[in-house]
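# only geometry, no sequence info:
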């Protein structure tokens with residue numbers, strides 16, 4: 001797992017984190033997280049990445065084919081075209097800097113979904129909460 005200590009998003013977006021998010025799992029409710037809440041990320045295989053929110057919540061990002069390999073990235077940025085919240089069904093891009101840090105590659109995220117507590121525990125190598 002990689003720790004994010006860097007973001008490509010303006011600081012003004014961070015101030016928007018004070019609103020409450022819709023409850024996860026509520027029928028018809030859009031599931032979201034704030035890009036500033038991401039505490040880490042990891043590769044999840046071909047065209048997939050996992051972002052961690054705090055110590056228990058994880059989200060899967062389904063990436064477009066040909067996206068840069070997140071496994072070798074030291075940091076990433078997540079940009080929503082509709083604001084600073086990353087939601088299911090939203091237009092989102094993953095930004096991955098190259099090894100030198102002088103260039104970045106952008107990649108369209110095709111899908112965003114919150115992992116169940118059991119899935120989140122599994123990707124973090126932990127026992128699921130009871």
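That came through fine. Given the structure is predicted, the values throughout are model-derived calculations rather than measurements.
# Identify the bridge partners of the residue nearest the centre of the chain.
The residue lying closest to the centre of the chain (CA atoms, centre = their mean) is residue 51, at 3.9 Å. Beta bridges link residue 51 to residue 41, residue 59, judged by DSSP bridges.
# How about residue 97?
residue 104.
# And the strands in this protein, which stretches?
Assigned by DSSP state E, the chain shows strands spanning 2-3, 32-34, 38-43, 48-53, 57-63, 77-80, 85-87, 92-97, 104-114.
# what about the ones you listed, which gets the closest to residue 122?
For those, proximity to residue 122 was assessed by CB to CB; strand 57-63 is nearest, at 9.3 Å. Just so you know, the C-beta spots here come from the backbone N, C-alpha and C atoms, and that holds for glycine as well.
# Summarise which helices and strands that closest one is packed against.
strand 48-53, strand 92-97, strand 104-114, helix 117-124 (3 or more CB pairs under 8 Å, 6 or more residues apart in numbering; DSSP states H and E).
# contacts for it?
33, 44, 47-53, 70, 78, 86, 92, 94, 107-115, 119-120, 123-124 (CB atoms under 8 Å, 6 or more residues apart in numbering).
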